[in-house]
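# need a structure here:
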Amino acid sequence: MAPVHGLTRFRTHDLPGSRRLAGWEEHNARALVGLRAQPLGDRPFDGTEINLTLPRLQVARVTGTPHAVDRDVRQIAEHPADGVVVYFALAGENQFSHRGGHELITPGQGLVVDGDQPFRRTFSHGLTELVLKAPRSLLREIRPGTVKPQVFSFRADAHARALVTALSEALRGGPADWDGLENVATDLLGTLLGGGCSAAADLAAAHAFITAHLADQDLSAGRIAAAIGYSERHLSRLFSQSGQSVPQAVLNARLDAARGMLAEPISLAEVAARNGFASQAHFSRTYKARFGVTPRQDRREFLPVSATSES
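I've put the predicted structure just below:
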């Protein structure tokens, strides 16, 4: 394993061919959930996993070639999960089979399972997914009762989308506020499992909706409030408690995203349009007010002179 900004990365490609499948199973038993893996087709299995272990949560981004995994009675006995596992499908559909039936999980959907109940998942076209594992002791705090298999859409549900956003940023090596990440992820997980909402979860959901709709010039407090299921008044109170208004939060998100695009070889007009600014002039004016320099001056730090001449 090689460290990646405080994370760990496991790749079957780093193992001898004869050890790759066994190594994958052993790694998952340590880092997430014990599973028995079986390649599909003639292609040897190849997988990569980035893992983050927090005090009470385990997080991963998993990619792999076509294969199937079984969480059977033997795996449960040898590697008890003692908690719930949430899978977020980013690419590649999978067939989920359990005692209650069968479900097809497509990209944009998530799956909640009790880690100590048998199941089988089949990835006929490979996969890319996020995984979140939470211990049963934490579940009792955020959502009393048993957890049954549940399929949900994290594209339609603002709180679930916020959880995906938070986990994705952390696994990309984002700001290493692990305590803050765990608190927000725990709140969002509680909402996802039906345990009620918190102010932190609602605020995270609002920010995730804003980030997903930066190009929409008509992005308003009303749209954001409707997306997370609350009134505009409640939304304004949430943002006020965080130290900014809703319009300020939208503008800051647009400017931060635009600044991140300055390294791309595209015109400033396109940067402005992609982030919902009505004009390049408005973009440049608000950018300078926020960062103290114009976008044109700032992007010279990222691109060669020849690439900035058109912008």
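# Could I get the full set of helices for the stretch 51-200 of the chain?
Secondary structure of the stretch 51-200 of the chain (DSSP state H, counting those that start in this stretch): helices at 73-78, 136-142, 158-171, 178-192, 199-212.
# Which of the ones you listed sits closest to L32?
helix 73-78 (11.9 Å; Cβ to Cβ). Bear in mind the C-beta positions are built from the backbone N, C-alpha and C, glycine included.
# what's the average pLDDT for that closest one?
Average pLDDT, helix 73-78: 94.
# next one: stretch 302-311
Stretch 302-311 shows a mean pLDDT of 52.
# quick one on the thing from earlier: tabulate the helices of the stretch 51-200 of the chain in a markdown table, adding columns for mean neighbour count.
Below are these laid out as a markdown table (neighbours: other Cβ atoms under 10 Å):
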| stretch | mean neighbour count |
| --- | --- |
| helix 73-78 | 13 |
| helix 136-142 | 15 |
| helix 158-171 | 22 |
| helix 178-192 | 20 |
| helix 199-212 | 21 |
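# got CSV for those helices, with distance to V151 too?
Shown next, in CSV, are the helices of the stretch 51-200 of the chain (distance: least, Cβ to Cβ, whole Å):
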stretch, distance to V151
helix 73-78, 21
helix 136-142, 18
helix 158-171, 11
helix 178-192, 12
helix 199-212, 20
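# Which one of these lies nearest to R99?
Each of those has some distance to R99 by Cβ to Cβ; the shortest is helix 73-78, at 11.5 Å.
# What sits closest to S168 if chain neighbours are left out?
Spatially, and ignoring its direct neighbours in sequence, S168 is nearest to L130 (6.6 Å; Cβ to Cβ, 6 or more residues apart in numbering).
# Can you show me the strands along the stretch 51-200 of the chain?
58-64, 67-71, 83-91, 94-98, 101-105, 109-114, 119-123, 127-135, 150-153 (DSSP state E, counting those that start in this stretch).
# Throw those into CSV and include distance to S267 and mean neighbour count, thanks.
Listed next are the strands of the stretch 51-200 of the chain as CSV, based on distance: least, Cβ to Cβ, whole Å; neighbours: other Cβ atoms under 10 Å:
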stretch, distance to S267, mean neighbour count
strand 58-64, 33, 22
strand 67-71, 44, 21
strand 83-91, 30, 21
strand 94-98, 40, 18
strand 101-105, 40, 13
strand 109-114, 36, 21
strand 119-123, 40, 20
strand 127-135, 31, 21
strand 150-153, 35, 15
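# so which of the ones you listed comes closest to D46?
strand 58-64 (7.0 Å).
# Could you list the low-pLDDT ranges of the stretch 1-150 of the chain?
Within the stretch 1-150 of the chain, the ranges that satisfy pLDDT under 70 run 1-6, 144.
# Apply 50 and report the result again.
The stretch 1-150 of the chain contains residues with pLDDT under 50 at 1-5.
# Just give the nearest non-adjacent residue to A278, would you?
Leaving aside its sequence neighbours, A278 sits nearest to Q217 (Cβ to Cβ, 6+ apart; 6.1 Å).
# List the contacts of the most centrally placed residue in the chain.
With distances taken as Cα atoms, centre = their mean, V164 lies nearest the centre of the chain, 2.5 Å away. Counting by Cβ atoms under 8 Å, 6 or more residues apart in numbering, V164 makes contact with F88, G110, L130, F154, A208.
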